[in-house]
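> what follows is a predicted structure for the sequence shown.
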Amino acid sequence: MFKEYIESKKDDMINDLRKMVKIPSKLEGYDNPEYPFGKNVDNALNKFLSIGEKLGFRTKNIDKYCGYIEFGEGEELLGIVGHLDVVPEGEGWKHDPFDLTIEDGKIYGRGTIDDKGPMMASLYAMKAVAENAKVNKRVRLIVGLNEENDWKCIDYYKKHEEMPTLGFSPDADFPCIYSEKALLSIYTEEKYLEDEKIKIKEIDCKNNRINVVPKYCKVRLEANSDIAEDLNILLLSKINDKISYTKNENEFIIETTGIQAHAAHPELGDNAISRMVLILKDIFEKYGVKNNTIKLLAEKIGTQTDGKNLGIKHVNNELGDLTLNLAQLELVDGMIKSGMNLRIPGDYKLEDVKEKALQELNEIKVDFREEKPALYIPKDNDIVQKLCKIYNDYMKTNCEPLAIGGATYARAFNNCVSFGAMRPEEPDMCHQVDEYISMQNLLDACNMYAIAIYELAK
């Protein structure tokens, strides 16, 4: 019904996506009253709204916190909810992350799959429906700007704008998401007491985000001259392709590397901070240096990507496993601090998880933040069934709805679930170096979004 029209608009859609990828819309902090999330994020919103206006839609910039693009008439409102902010690019790209590149059928660039590409597919799907069909609801593409951090944008939208009657978010997986895990971040801090034998002078993890598996960690140590040579021998025994160090008299700089990944799938990454805390634990134990933070992180987290060492056990079921990502480690103002992100299946009680964490980390101060409850909509719910059918009919498959560890804006609204744009057979490139969406996936997603808009709003 819409395929031919969308194919005719392919070049326009790619060119508009190129404009969006070019804007490095990373959070720049919250301290600029003129730009709630920074100038580049504001530029991304304005550019996207201008593309919507060019396509003939009504648009609104909601006090620079978010915006929307809308068409149609009627009392009911179909919402499509996504975001334009991106995580930092990281290092090691073979292409410029902010200059869209097409190679071997793949569209590379930061945000191409998370979430600028799916947002552009949704926008052109709206255009396809507006030009080729009649609907009886208003259709509104809600544009978030702070999804990768605190969701202040959607909180602002909900305080100032109309709620959708039903909707979907193009920010996860096909065929459809019926359950999203709860989110909880655990932050610890402890006063750092210097030991005359070995002192931590610096910790650098390149300001890694709480929802990203860290790929780099550096620690600078100063050793007492009596043990410097012995420490040198110990570190020599640990070096490999992911652990290195340099020595300058009594100073040692240890560097660990890993593989960046989304915190929803920590098992797909390789955690550089976990590697570092295990090294530090061995050093501190050998020389009798006391530090509860390093000891507990090594013993209770280590290289685990679940919560078993925290005493949080879970039997694998269709809602998925509890996962854990040790994301941050720093030495600031005389305090050694850490941050970890948990993704918790909906059959858990968050209070039980918190209680376990407090018990296991009882020697250091613990603070819980960024808590988001789980999303659960039964598989037989009408919107879940409709969206799954659209995907299965289009792709000629028989896929079942999914439970995921990621968090999407779907959980912010009633009767809303996530729908694409990542397909089951594809690798998860969200937050990854060389992020991409395949050209075919972008076009297929656009077609399925058009069908979904028509079926849900006709």
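Ah, there it is.
> what comes up buried for stretch 332-345?
Residues of stretch 332-345 classed as buried under the neighbour-count rule (16 or more other C-beta atoms under 10 Å) are Ile336, Lys337, Ser338, Gly339, Met340, Asn341, Leu342, Arg343, Ile344, Pro345. (C-beta placed from N, C-alpha, C; glycine too.)
> okay, buried residues for stretch 204-219 please.
For stretch 204-219, the neighbour count (16+ other C-beta under 10 Å) marks 204-205, 208-219 as buried.
> just stretch 367-385 next, same as before
Quick answer for stretch 367-385 (16+ other C-beta under 10 Å): Glu370, Lys372, Ala374, Leu375, Tyr376, Ile377, Ile383, Val384.
> in JSON lines: those residues, plus secondary structure.
Shown next, in JSON lines, are the buried residues of stretch 367-385 (DSSP: H, G, I helix; E, B strand; the rest coil):
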{"residue": "Glu370", "secondary structure": "strand"}
{"residue": "Lys372", "secondary structure": "strand"}
{"residue": "Ala374", "secondary structure": "coil"}
{"residue": "Leu375", "secondary structure": "strand"}
{"residue": "Tyr376", "secondary structure": "strand"}
{"residue": "Ile377", "secondary structure": "coil"}
{"residue": "Ile383", "secondary structure": "helix"}
{"residue": "Val384", "secondary structure": "helix"}
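> nearest to Lys290 among these?
Nearest to Lys290 among the buried residues of stretch 367-385: Glu370, at 30.1 Å, using C-beta to C-beta.
> for the closest residue to that closest one other than its chain neighbours, what are its contacts?
Distances taken as C-beta to C-beta, 6 or more residues apart in numbering place Ser185 nearest to Glu370, at 4.1 Å, with adjacent residues excluded. Going by C-beta atoms under 8 Å, 6 or more residues apart in numbering, Ser185 touches Ile210, Gly339, Met340, Asn341, Leu342, Phe368, Arg369, Glu370, Glu371.
> got phi/psi on Ser185?
Dihedral angles of Ser185 (phi, psi; degrees, to the nearest 10) stand at phi -110, psi 140.
> show me the beta-bridge partners of it.
Going by DSSP bridges, Ser185 is paired in beta bridges with Asn341, Arg369.
> could you check how far it is from Asn341?
5 Å (C-beta to C-beta, to the nearest Å).
> what helices and strands are in contact with whatever helix or strand Asp230 lives in?
Asp230 belongs to helix 228-236 when elements are defined using DSSP states H and E. Judged by 3 or more C-beta pairs under 8 Å, 6 or more residues apart in numbering; DSSP states H and E, helix 228-236 is in contact with strand 243-248, strand 251-257, helix 272-286.
> can you point out the buried residues in the last one?
By neighbour count, and taking 16+ other C-beta under 10 Å as the criterion, the buried residues in helix 272-286 are Ala272, Ile273, Ser274, Arg275, Met276, Val277, Leu278, Ile279, Leu280, Lys281, Ile283, Phe284.
> elements contacting that helix?
strand 216-223, helix 228-236, strand 251-257, helix 292-296, strand 323-332.
> pull the longest one out as CSV, backbone CA atoms only.
In other words, strand 323-332. The C-alpha coordinates for strand 323-332 follow below in CSV (Å, rounded to 0.1, in the frame of the first residue of the first chain):
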residue,chain,number,x,y,z
THR,A,323,22.0,-7.9,34.3
LEU,A,324,24.6,-5.6,35.8
ASN,A,325,27.1,-3.2,34.3
LEU,A,326,29.9,-1.7,36.4
ALA,A,327,30.1,1.6,34.4
GLN,A,328,32.0,4.2,36.5
LEU,A,329,35.0,4.5,38.8
GLU,A,330,36.6,7.8,39.9
LEU,A,331,38.6,9.5,42.5
VAL,A,332,37.1,13.0,43.2
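> note down every partner strand of it and its orientation.
In the sheet, strand 323-332 lines up with strand 335-344 (antiparallel) (DSSP bridges).
> I'd like the next helix or strand past the partner strand.
That would be, after strand 335-344 and using DSSP H and E, helix 350-360.
> in that following helix, which residues are buried?
Buried residues in helix 350-360 (16+ other C-beta under 10 Å): Leu350, Val353, Lys354, Ala357, Glu360.
> contacts for it, please.
Taking C-beta under 8 Å, 6+ apart as the rule, helix 350-360 contacts 182, 184, 186, 296, 300, 307, 309-312, 322, 342, 344, 366, 368, 371, 373.
> now restrict those to buried residues only.
182, 184, 186, 296, 300, 307, 309-310, 312, 322, 342, 344, 366.
> ok, which pair from these is furthest apart?
Using C-beta to C-beta, the buried ones among the contacts of helix 350-360 span at most 23.1 Å, a distance reached by Ala182 and Leu296.
> His431: what secondary structure?
coil.
> show me the contacts for the nearest residue to it once chain neighbours are set aside.
Nearest non-adjacent residue to His431, counting by C-beta to C-beta, 6+ apart: His262, 4.4 Å away. Contact partners of His262, counting by C-beta under 8 Å, 6+ apart, are Asn211, Val212, Val213, Leu268, Gly269, Gly406, Asp428, Cys430, His431, Gln432.
> let's see it at 10 Å
87, 114, 211-213, 268-269, 325, 343, 405-406, 428-432 (C-beta atoms under 10 Å, 6 or more residues apart in numbering).
> what bridges to it?
What pairs with His262, by the bridge criterion (DSSP bridges), is Val212.
> one step back: and the contacts of Ser185 as JSON lines, adding distance to Ala228 and pLDDT?
What follows is the contacts of Ser185, written out as JSON lines (distance: C-beta to C-beta, whole Å; pLDDT from 0 to 100):
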{"residue": "Ile210", "distance to Ala228": "35", "pLDDT": "94"}
{"residue": "Gly339", "distance to Ala228": "32", "pLDDT": "98"}
{"residue": "Met340", "distance to Ala228": "32", "pLDDT": "97"}
{"residue": "Asn341", "distance to Ala228": "37", "pLDDT": "96"}
{"residue": "Leu342", "distance to Ala228": "39", "pLDDT": "95"}
{"residue": "Phe368", "distance to Ala228": "40", "pLDDT": "97"}
{"residue": "Arg369", "distance to Ala228": "39", "pLDDT": "95"}
{"residue": "Glu370", "distance to Ala228": "41", "pLDDT": "90"}
{"residue": "Glu371", "distance to Ala228": "45", "pLDDT": "91"}
